[in-house]
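J.: coords below, sequence missing:
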């Protein structure tokens, strides 16, 4: 049988590009390629090394687009759909509801489309009214016209059934078993002591809640601890500038910038507590990664975070600075036992296995492409 030919849109690209969809695609598509799929990912030239044409058997095709919060996704998607129209894949896989606004265009070109809904992005605080309307329309167009719909959480899947009467395959984000590092190069770089810092990871956007995390850390004031925020803004704006100014006023708050590879792995390996204070998530890859390292974790009590198997006492109301400060005091004073760490790692690695996720995605492709095997 001929291999299933897949074209991919909706990600900025990979390897090593900041973002949840980007991390999802970087882990998923090499696995699908190893299962025999012929995969081409259309990347956004401003974010990637355009000299890299292949990554782990996945072809990377960079398309030009402006680096603009409001226009890059739609311009890149239009270009990508017409490029896919020329290559005639068996499946065009579009990630996220913004690019899914153009699913009807792909259908007009005769393409079979799978859409992955990574969450209701119109709930993100950074968007204005017009952008929120476009994102809602993207969710609607993708849900109504795509040949197959994948949702990364049970909550998103239920919402799609209620709003659009559409059944979706629920296939979550995943996580890999990491190597626990005992080295100290990154710790020395940022003047940190192993087990004596709180870590959080993500982009500098309002929905991540890093501003009130800094306030909660100051309120809790755990003696001898630091707060480390690993990430940066894709597009510098008022929020990201204010966040950096707030952090600059405190010697016990460390902004590392966007990290990947060994430095990030070392910070995960040696943290004393991981905090995810988000107002919004699809399914939080950063929290899954922290749990894969066996870290003591606390998270905001939003629906997406509650789908992740943390004990109930480790959630707090999103935006509640006092409640988060209380959790910081409680869990910086309570060591995470080896037994708790091992149990957490086992649970998350079994539930969010990328190999299983790739297999389920391949089943969707086979069904949509008429049962074609690889």
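T.: Yep, it's here. In this text the structure is predicted, and so the values were computed from the model without any measurement.
J.: name the nearest residue to residue 242, ignoring sequence neighbours.
T.: The shortest distance from residue 242 to any non-neighbouring residue, by CB to CB, 6 or more residues apart in numbering, is to residue 211 (7.2 Å). Heads up, the C-betas are built off the backbone N, CA and C, glycines and all.
J.: surely that neighbour is in a helix?
T.: Yes - looking at residue 211 with DSSP: H, G, I helix; E, B strand; the rest coil, it is inside a helix.
J.: quick check: buried residues in stretch 35-51?
T.: For stretch 35-51, the neighbour count (16 or more other CB atoms under 10 Å) marks 35, 37-48 as buried.
J.: avg pLDDT for that stretch?
T.: Taken as a whole, stretch 35-51 has an average pLDDT of 95.
J.: so what touches that stretch?
T.: 3-9, 11-14, 17, 25, 29, 32-33, 57-67, 72, 76, 79-80, 83-84, 87, 89, 358-359, 362, 365, 374 (CB atoms under 8 Å, 6 or more residues apart in numbering).
J.: ChimeraX command for the buried members of the residues you listed?
T.: Of these, the buried ones can be selected in ChimeraX as follows, counting by 16+ other CB under 10 Å:
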select :4,5,6,7,8,9,11,12,13,14,17,25,29,32,33,58,59,60,61,62,63,65,72,76,79,80,84,89,358,362,365
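J.: tell me which entries of the contacts of stretch 35-51 lie within strands.
T.: 5-9, 58-63 (DSSP state E).
J.: between all of these, which two are at the greatest distance?
T.: 5 and 62 (19.2 Å; CB to CB).
J.: the helices in the protein, which residues?
T.: 20-34, 72-87, 103-108, 129-145, 154-164, 185-189, 210-220, 238-248, 261-270, 285-292, 303-306, 321-332, 338-351, 354-368 (DSSP state H).
J.: most neighbours per residue, which of those?
T.: helix 285-292 (a mean of 24; mean count of other CB atoms under 10 Å).
J.: list the contacts for residue 175?
T.: 285, 288-289, 291-292, 348-349, 352, 354.
J.: closest one of those to residue 309?
T.: Nearest to residue 309 out of the contacts of residue 175 is residue 348 (CB to CB; 7.0 Å).
J.: OK, contacts around the residue nearest to that closest one when sequence neighbours are not counted?
T.: Computed as CB to CB, 6+ apart, the closest residue to residue 348 that is not its neighbour in sequence is residue 291, at 4.2 Å. Residues counted as contacts of residue 291 (CB under 8 Å, 6+ apart) are 175, 297, 308, 310, 344-345, 347-348.
J.: ok, 7 Å please
T.: Going by CB atoms under 7 Å, 6 or more residues apart in numbering, residue 291 touches 297, 344-345, 348.
J.: how about the contacts of residue 175 in JSON lines, adding distance to residue 179 and pLDDT?
T.: As requested, those are exported to JSON lines (distance: CB to CB, whole Å; pLDDT from 0 to 100):
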{"residue": "285", "distance to residue 179": "18", "pLDDT": "91"}
{"residue": "288", "distance to residue 179": "16", "pLDDT": "96"}
{"residue": "289", "distance to residue 179": "13", "pLDDT": "95"}
{"residue": "291", "distance to residue 179": "16", "pLDDT": "96"}
{"residue": "292", "distance to residue 179": "11", "pLDDT": "97"}
{"residue": "348", "distance to residue 179": "16", "pLDDT": "94"}
{"residue": "349", "distance to residue 179": "13", "pLDDT": "95"}
{"residue": "352", "distance to residue 179": "18", "pLDDT": "95"}
{"residue": "354", "distance to residue 179": "16", "pLDDT": "96"}
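J.: tell me the one of those residues nearest residue 143?
T.: So of those, ranked by how close each gets to residue 143 (CB to CB), first place is residue 285, at 23.0 Å.
J.: contact partners for the closest one?
T.: 20, 23, 173.
J.: mind putting the helices of the chain into TSV with distance to residue 119?
T.: Listed next are the helices of the chain as TSV, based on distance: least, CB to CB, whole Å:
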stretch	distance to residue 119
helix 20-34	9
helix 72-87	15
helix 103-108	17
helix 129-145	10
helix 154-164	6
helix 185-189	30
helix 210-220	19
helix 238-248	19
helix 261-270	23
helix 285-292	12
helix 303-306	7
helix 321-332	22
helix 338-351	19
helix 354-368	16
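J.: please name whichever of those helices is nearest to residue 93.
T.: helix 354-368 (8.1 Å).
J.: in terms of secondary structure, what does that closest one contact?
T.: Where contact means 3 or more CB pairs under 7 Å, 6 or more residues apart in numbering; DSSP states H and E, helix 354-368 is packed against helix 20-34, strand 148-151.
J.: hmm, back to that, got the contacts of residue 175 as JSON lines, with distance to residue 98 columns?
T.: Shown next, in JSON lines, are the contacts of residue 175 (distance: CB to CB, whole Å):
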{"residue": "285", "distance to residue 98": "18"}
{"residue": "288", "distance to residue 98": "23"}
{"residue": "289", "distance to residue 98": "24"}
{"residue": "291", "distance to residue 98": "28"}
{"residue": "292", "distance to residue 98": "28"}
{"residue": "348", "distance to residue 98": "28"}
{"residue": "349", "distance to residue 98": "31"}
{"residue": "352", "distance to residue 98": "24"}
{"residue": "354", "distance to residue 98": "24"}
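J.: just to revisit the earlier point, distance check, the residue nearest to residue 242 against residue 232.
T.: Remark: distance between residue 211 and residue 232 (CB to CB, to the nearest Å) = 15 Å.
J.: what do you get for residue 162?
T.: From residue 162 to residue 232 the distance is 36 Å (CB to CB).
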